[in-house]
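**Student:** here is the input, now give the coordinates:
(2 chains)
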2 protein chains.
Amino acid sequence: MEPDVISSATNKNLQLSSISGNVLKTEYAVRGELVMRAEQHAKALVQAKLTGQPHSLPFDDILYCNIGNPQALLQKPITFFRQVLSLCEYPELVKAPEAEKLFAKDAIQRAKFMIERIPGGMGAYSHSQGYPFARQMIADFISKRDGYSANPDDIYMYNGASPGIQHVLRLLVRSSKDGIMTPIPQYPLYSASITMLGGSQLGYYLDERKSWGLSVQELERARLCKNSEGVTARALVIINPGNPTGQVLSQENMKEIIDFCHTNKMVLMADEVYQENVYTKERPWSSFKKVLRSMGAKYDNFELFSFHSTSKGFIGECGHRGGYLEAVGIDPDVKSQLYKLASVLLCPNTAGQLMMSLMVNPPKPGDESYAQFSKERDDILESLKRRAQKLAKFFNSLEGVTCNDAQGAMYLFPQVKLPRKAVEAATNQNKVPDTFYSIAMLDATGICVVPGSGFAQEDGTWHFRTTFLPQESQIDQVTQRMGKFHAEFMKKYKD
Amino acid sequence: MEPDVISSATNKNLQLSSISGNVLKTEYAVRGELVMRAEQHAKALVQAKLTGQPHSLPFDDILYCNIGNPQALLQKPITFFRQVLSLCEYPELVKAPEAEKLFAKDAIQRAKFMIERIPGGMGAYSHSQGYPFARQMIADFISKRDGYSANPDDIYMYNGASPGIQHVLRLLVRSSKDGIMTPIPQYPLYSASITMLGGSQLGYYLDERKSWGLSVQELERARLCKNSEGVTARALVIINPGNPTGQVLSQENMKEIIDFCHTNKMVLMADEVYQENVYTKERPWSSFKKVLRSMGAKYDNFELFSFHSTSKGFIGECGHRGGYLEAVGIDPDVKSQLYKLASVLLCPNTAGQLMMSLMVNPPKPGDESYAQFSKERDDILESLKRRAQKLAKFFNSLEGVTCNDAQGAMYLFPQVKLPRKAVEAATNQNKVPDTFYSIAMLDATGICVVPGSGFAQEDGTWHFRTTFLPQESQIDQVTQRMGKFHAEFMKKYKD
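**Tutor:** Here you go, the predicted model:
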């Protein structure tokens, strides 16, 4: 018998009433109520399959559109990257002649190159900032991308981008008087981490009517919005391309943002994990570092953290948890503190580090694996673009729904004008209206999205975030299921 | 030109004076000053090698004995585990007939088993607590080990044990009034994390004269030591086998500890990552869960977190960052909070999760790989035991040095009675005396250890922690270099 089951929670030393209040207040919707409900449905479907009994759900599978997790929705990994990782895990292979029948020659060469550079192999702790050879490759990638030099000592590798973002916030937030400016809507890692650290969020609105554009006036408003409570803005978070919004910033806008931070003595945190996911030629993506460096000596002292990840782009290697930050213009003593924070956790996982080194240094024209690599890359990116366009068009065809195009990233964030009766029904069930809508969608279709309230949104508007990651063969099914649900929902709650 | 170099730190928004005070106060010696100095020496050695110039150091290589990182010191990974991981990284292999020439058949079978259970493969985010199949294997391992059932829903997987420890501390620590009892000496992850969270450390001394034994009177003293400041002890950290001390607790002692926590309404955090590293038959290791369950219904409501890792034991897969905690008797609502903390970081890295599933479910008698696996395991554990004994004997032969035997773990923690003149010389250089001694050792021998002050120690005593991980072929060289250094040091500073 499990003691948990019989014990009354009131006898416990650790209860909701006695844990950290900051943890309790923290919200993280991407894996919240909707996902737990989806998992329950998934369990019921598996159970029905195992027992041969019919199930009572109006669908036969769950489509997880709540999270940018491409390979879970059957996007194929890049072959070359996986071949190299496979070889590095079991280095005996690079010596075996039979391996040449299973692996590309340049994959074997690359694995040899790496194995020579990782003393002790993948089972040894690395440098706390990450393998020096991998950080050099990242610095070379940044230098080539931006046309301005990067230093491997300024690169800090992590288990994905998220822990790096948390470490920087940890340096910044001393108390509730320290404000961090975050977009509305935003990726909830930011709100969650700021709440956990006891800091203050200063939300600035992106303008949905202007393709989720960002104005300096609005930044200025947000910067001062808790001034009377003694909150000072220490840093500005920009997600570009946007999540959940998908907008790509113009260079002019980026210069205004840099100038805004410079004027107001703020640090810029640039979440640039979707830099490869850009679907419009009118808005080429630039890194904040590149724009910053183009602005001349006046900004040499500017403090910027830029974040990148193996989870997004076309490689979508989420599970490998590879990520880095570049610390630009950061005081060396402060960088030592970042190192200390990293060192307490010893090192980022080695597979993620190697994956990152591959992502920033993929096969080149002339390499044996180049043709396959570039085909895999282009197929994925072109397909993502088609899916984004198709889904956005679909949403705009629905009654009461409007949706900006995704210029980048992996998400659409349609607005749903919910009927008054739906809002009332939600309120009666003590649910936020867009959560109510999203639960109804999940229960009717098996499609799991995230309510807009999980990202914050303008008062009185309701949204949901969906990825456009289901495979193209499934997209018609998605639109058909969603379309049917939406029509029925709107009919049921018609004002 | 790097702007960092020319900028004056005083112009920066982020400076030591403006970052989080808790971060600033945090200390983490295992990768601190000594390691940085060792890395500088290592760079000089590489430089000399590359240029063909002679170097000025009195040694030709650095031996990193500061950290339990076995594979960095050339301990071989377990073949079966790496074969399976290699196959899972590149699942095409399990279908290829040629693979049978490179991989054991049971490794291919195991990889197939895993691949079927990880939807989307290693590149997809998993459940935030870890793969359900892996948690089931962990629960089965615990059930078999202890003879008491374990539930996969109570298992939380992490990138190593450290993040799990930090998450539990994050739940526990609300303010400086919340005390966490930690051993002296202790593994500095605890002190670092408690400081970062703004909690209070309540240190209890292990008794060096009694093989680092632990008495309840001392626990009681420590529990109340900051009572007058309003600090209440919420949790007790026990590291068993000990780090840096190597002691293994008796079952009787463990019962006293459980009773102490029960009486004082405290949560027990059991760091059991060295459970496979036990070198004495007189002190068989037991898990706290097993001892707890043997104590009867009175303790059914007891709250215990137990931590385990892939980094230690005989597998030493540090770089893969695999770890888990078992939450025993924890309020379901509090477990939901742990889940939330995990979900903000999405999921632990998949390679580490698979490695953990292999560690808890290795080849069995009758399996093709069993003979090789058991030989690899036994060779490592027996060699570790020989090295521990040899090094302890060596330390006890040195002037002014005493050292308890390692009953378990990977470390020795010798005490050095430093001459008064050495203490004065250290003070003149503004160094803690054992740091001064350890730096002198590094500069003379290339052997990198951690000063005892990094783990805390009884006032007026000086120690250092060294792993006994150098390969057996190197141990004589280690003792020879250390012996020569120590004799010269003692002569130089003779009172």
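**Student:** which residues of the stretch 351-495 of chain A lie near chain B?
**Tutor:** If contacts are counted using Cβ under 8 Å from any Cβ of the partner chain, the residues of the stretch 351-495 of chain A sitting beside chain B are A:351-352. (Glycine included, C-beta is placed from N, CA and C.)
**Student:** ok, longest helix in chain A?
**Tutor:** The helix that spans the most residues within chain A, counting by DSSP state H, is helix A:370-396.
**Student:** what is that helix packed up against?
**Tutor:** helix A:79-89, strand A:401-402, strand A:411-412, helix A:472-492 (3 or more Cβ pairs under 8 Å, 6 or more residues apart in numbering or on different chains; DSSP states H and E).
**Student:** mind redoing it with 7 Å?
**Tutor:** Using 3 or more Cβ pairs under 7 Å, 6 or more residues apart in numbering or on different chains; DSSP states H and E, the elements in contact with helix A:370-396 are helix A:79-89, strand A:411-412, helix A:472-492.
**Student:** next one: the first one to chain centre, how far?
**Tutor:** What it means is helix A:79-89. Using Cα atoms, centre = their mean, to the nearest Å, we find the averaged C-alpha position of helix A:79-89 to lie 24 Å away from the chain's own average C-alpha position.
**Student:** just the angle for that helix relative to helix A:370-396, thanks.
**Tutor:** Put simply, helix A:79-89 runs at 120 degrees to helix A:370-396, going by axes from the mean of the first three to the mean of the last three Cα atoms, to 10 degrees.
**Student:** give me the residues contacting helix A:79-89.
**Tutor:** Contacts of helix A:79-89 from elsewhere in the structure, counted by Cβ atoms under 7 Å, 6 or more residues apart in numbering or on different chains, are A:93-94, A:103-104, A:107-108, A:110-111, A:114-115, A:122, A:315, A:351, A:354-355, A:358, A:363, A:369, A:372-373, A:376, B:82, B:85-86, B:89-90, B:93.
**Student:** of those residues, select the buried ones using a ChimeraX command.
**Tutor:** Filtering the contacts of helix A:79-89 down to the buried ones (16 or more other Cβ atoms under 10 Å in any protein chain shown) takes a single ChimeraX command:
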select /A:93,94,103,104,107,108,110,111,114,122,315,351,354,355,358,363,369,373,376 /B:82,85,86,89,90,93
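**Student:** point out where the stretch 51-200 of chain A drops to low pLDDT.
**Tutor:** Counting by pLDDT under 70, the stretch 51-200 of chain A contains no low-confidence residues.
**Student:** burial count for the residue nearest to A:Phe59 when sequence neighbours are not counted?
**Tutor:** Nearest in space to A:Phe59, with sequence neighbours left out and distances taken as Cβ to Cβ, 6 or more residues apart in numbering or on different chains, is A:Gly446 at 3.5 Å. Close neighbours of A:Gly446, defined as other Cβ atoms under 10 Å in any protein chain shown, add up to 20.
**Student:** swap in the one 10 residues further on?
**Tutor:** Using other Cβ under 10 Å, the number of residues around A:Ala456 comes to 20.
**Student:** A:Ser215 now?
**Tutor:** Around A:Ser215 there are 15 other residues, counting by other Cβ under 10 Å.
**Student:** report pLDDT for it.
**Tutor:** Note for A:Ser215: predicted pLDDT of 95.
**Student:** list the contacts for A:Glu276?
**Tutor:** For A:Glu276, the contacting residues are A:313-314, taking Cβ under 7 Å, 6+ apart as the criterion.
**Student:** quick check on it: phi, psi?
**Tutor:** Main-chain torsions, A:Glu276, degrees, to the nearest 10: phi -90, psi -20.
**Student:** and the helices in the stretch 251-400 of chain A?
**Tutor:** Counting by DSSP state H, counting those that start in this stretch, the segments of the stretch 251-400 of chain A that form helices are A:251-263, A:288-294, A:332-344, A:350-359, A:370-396.
**Student:** I meant to write the stretch 51-200 of chain A there.
**Tutor:** Under DSSP H, counting those that start in this stretch, the stretch 51-200 of chain A gives helices at A:79-89, A:105-117, A:132-146, A:162-172, A:188-197.
**Student:** per-domain residue ranges of chain A.
**Tutor:** Domains of chain A are assigned by automatic domain parsing as A:32-73+A:375-492, A:79-117, A:121-359.
**Student:** run through the stretch 301-450 of chain A and note the low-pLDDT ranges.
**Tutor:** Counting by pLDDT under 70, the stretch 301-450 of chain A shows no low-confidence range.
**Student:** hmm, who's touching stretch A:126-144?
**Tutor:** Counting by Cβ under 7 Å, 6+ apart, stretch A:126-144 makes contact with A:117-118, A:149-152, A:155-157, A:324, A:326, A:339, A:342-343, A:346-348, A:350, A:353, A:356-357, A:360-361, B:31, B:319, all of which sit outside it.
**Student:** so which bits of it are buried?
**Tutor:** Buried residues in stretch A:126-144, counted by 16+ other Cβ under 10 Å: A:126-139, A:141-142.
**Student:** from those residues, which is closest to B:Ile330?
**Tutor:** Checking these against B:Ile330 by Cβ to Cβ gives A:Ser128 as the nearest, at 30.8 Å.
**Student:** angle of the helix or strand A:Glu424 falls within against helix A:472-492?
**Tutor:** The secondary structure element spanning A:Glu424 is helix A:420-428 (assigned by DSSP states H and E). Inter-element angle recorded for helix A:420-428 and helix A:472-492: 90 degrees (by the same axes, to 10 degrees).
**Student:** counting contacts, what elements does the helix or strand following helix A:420-428 pack onto?
**Tutor:** From helix A:420-428 onward toward the C-terminus, using DSSP H and E, the following helix or strand is helix A:433-445. Other helices and strands packing on helix A:433-445, by 3+ Cβ pairs under 7 Å, 6+ apart, are helix A:33-51, helix A:420-428, strand A:450-451, strand A:464-467, helix A:472-492.
**Student:** in CSV, list these along with mean neighbour count.
**Tutor:** As requested, the helices and strands packed on helix A:433-445 are exported to CSV (neighbours: other Cβ atoms under 10 Å in any protein chain shown):
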stretch, mean neighbour count
helix A:33-51, 15
helix A:420-428, 15
strand A:450-451, 28
strand A:464-467, 27
helix A:472-492, 16
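**Student:** and A:Thr263, which of the ones you listed is closest to it?
**Tutor:** Going through the helices and strands packed on helix A:433-445 one by one, with Cβ to Cβ as the measure, strand A:464-467 comes closest at 32.6 Å.
**Student:** before we move on, the earlier item: most tightly surrounded among the domains of chain A?
**Tutor:** Highest mean neighbour count among the domains of chain A (mean count of other Cβ atoms under 10 Å in any protein chain shown): domain A:121-359, with a mean of 22.
**Student:** what is the end-to-end distance of that one?
**Tutor:** From the first residue to the last, domain A:121-359 extends over 19 Å; the measure is Cα to Cα, to the nearest Å.
**Student:** now stretch A:218-231: how far from the chain's centre is it?
**Tutor:** 27 Å.
**Student:** now stretch A:449-464
**Tutor:** Its chain's C-alpha centre lies 17 Å from the corresponding centre of stretch A:449-464 when counted by Cα atoms, centre = their mean.
**Student:** check stretch A:253-268 too.
**Tutor:** Computed by Cα atoms, centre = their mean, the chain-centroid distance of stretch A:253-268 equals 23 Å.
**Student:** what about it and chain B, any contact?
**Tutor:** Yes: applying Cβ under 7 Å from any Cβ of the partner chain, one finds that stretch A:253-268 is in contact with chain B at A:265-267.
**Student:** again with stretch A:285-303
**Tutor:** Yes: for a cut-off given as Cβ under 7 Å from any Cβ, stretch A:285-303 has contacts with chain B, namely A:300-301, A:303.
**Student:** distance check, A:Pro188 against B:Gly483.
**Tutor:** Applying Cβ to Cβ, to the nearest Å, the value for A:Pro188 to B:Gly483 is 58 Å.
**Student:** please consider this matter closed, and thank you.
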